[in-house]
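Undergrad: need a structure here:
(one chain, ligands or ions: 1)
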Amino acid sequence: MTQDPTDSDLTTTEARFIEEARNRGELYIEQPYGLYSEQNHATWRRLYSEMVPKWNQFANQKFLRGLDRIALDPQAVPRLEDINRFLEPLSGFKAVAVSGYVPAYVFFDCLRRREFPTTVTIRSARTQTYLPEPDIFHDLAGHVPMHTGRVFSDSLARIGEVAATAARLARDVWPADERLERLESALRAMARFFWFTIEFGLIREKGELKVYGSGLLSSSGELEHSILSSRVQRRPFRLEWVINQAFEIHHYQPLLFIVDSFEQLYTEVGRLEQWLVEGLLDNVAPCEPAIGTDDLESFLDAA
Ligand SMILES: [Fe+2]
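TA: From the prediction side, this is the model:
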């Protein structure tokens with residue numbers, strides 16, 4: 001099938017289908033599978049084959065097992081429905097196609113329901129290792145294999161519960177500017193927690209350091225760098241550091257946090273919620289990430 005790649009395929013930032021869905025205000029979409037061009041599939045194939053040796057060397061065992069359990073296709077962009085057929089019976093999670101940016105509360109609330117908002121576009125063939133915006137390779141090959149594990153997927157759903165608690169607590173804060181300040185701080189803490197665990201987390205596994213963060217597992221350059229480079233500080237996970245630690249998204253991470261097990265991750269999500277309830281997230285250290293108005297409003301709407 002020959003298509004004009006700048007017009008009708010599913011390349012990130014160039015896909016007309018996505019632009020039209022967004023213009024119609026549609027967040028949840030069907031994966032328009034027929035629109036993937038041969039070039040889109042070739043990009044998937046190339047990324048996948050680049051990652052395999054690195055996954056084998058640096059990824060945690062649950063991820064490697066997860067790849068097999070969802071039967072991720074190395075040769076072509078997968079269909080979400082095919083993946084979900086394997087995934088749902090394992091952990092109750094499923095990948096749901098979205099048209100792009102998902103406001104923070106909506107995103108977390110999806111996790112609470114065990115739905116993972118999944119980008120359907122794929123980076124252009126020109127993009128090599130780093131892409132600031134998510135694409136289907138990041139979402140399906142970086143995140144979804146982790147969702148096959150029971151404790152990890154419970155942790156993810158529990159992060160969604162923390163967001164629901166944050167919205168509920170905000171409802172009772174008055175005056176409005178105080179509510180906004182506390183909510184912004186709680187969101188910053190939650191974003192940092194998510195970043196340093198789900199996206200960039202390291203885990204100690206049988207004495208060896210392995211990767212479970214999806215931002216690393218979908219980046220052939222940074223995956224190796226995260227474990228081997230002397231330019232990375234690797235520290236034990238401490239909740240008080242993580243929620244106060246700024247991060248920047250446009251370069252390799254200089255600081256990563258290590259958990260000893262996924263049980264520890266689950267426990268830390270519980271502590272995050274406890275700290276939220278106790279007011280310990282009301283005024284975390286400022287700086288990155290900036291919290292967008294849309295994200296704040298999504299929490300206020302939920303409240
Ligand atoms: Fe991600």
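Undergrad: tell me the centre residue of the protein?
TA: Closest to where the C-alpha atoms of the chain average out (Cα atoms, centre = their mean) is Glu199, at 5.5 Å.
Undergrad: surely that residue is in contact with Gly215?
TA: Yes: under the criterion of Cβ atoms under 8 Å, Glu199 makes contact with Gly215 at 4.0 Å. Quick note: C-beta positions are derived from backbone N, CA and C, even for glycine.
Undergrad: pull up the overlap in contacts between those two.
TA: When Cβ atoms under 8 Å, 6 or more residues apart in numbering defines a contact, no residue borders Glu199 and Gly215 alike.
Undergrad: farthest residue from the center of this protein?
TA: The C-alpha centroid of the chain is most remote from Pro175, which lies 33.3 Å away (Cα atoms, centre = their mean).
Undergrad: residues contacting the residue lying closest to Pro134 once chain neighbours are set aside?
TA: Nearest residue to Pro134, sequence neighbours excluded (Cβ to Cβ, 6 or more residues apart in numbering): Thr119, at 4.9 Å. Counting by Cβ under 8 Å, 6+ apart, Thr119 touches Thr12, Val98, Gly100, Glu133, Pro134, Asp135, Ile136, His138, Asp139.
Undergrad: so what's the residue count around the residue nearest to the first one when sequence neighbours are not counted?
TA: In space, and not counting its chain neighbours, Thr12 is closest to Thr121: 4.4 Å by Cβ to Cβ, 6+ apart. Using other Cβ atoms under 10 Å, the number of residues around Thr121 comes to 25.
Undergrad: next: the one 5 residues further on.
TA: As a burial measure, the neighbour count of Arg126 was computed by other Cβ under 10 Å and equals 7.
Undergrad: ok, Gly34 next?
TA: Using other Cβ under 10 Å, Gly34 has 9 other residues around it.
Undergrad: any idea how far it lies from Phe17?
TA: Using Cβ to Cβ, to the nearest Å, Gly34 is found at 10 Å from Phe17.
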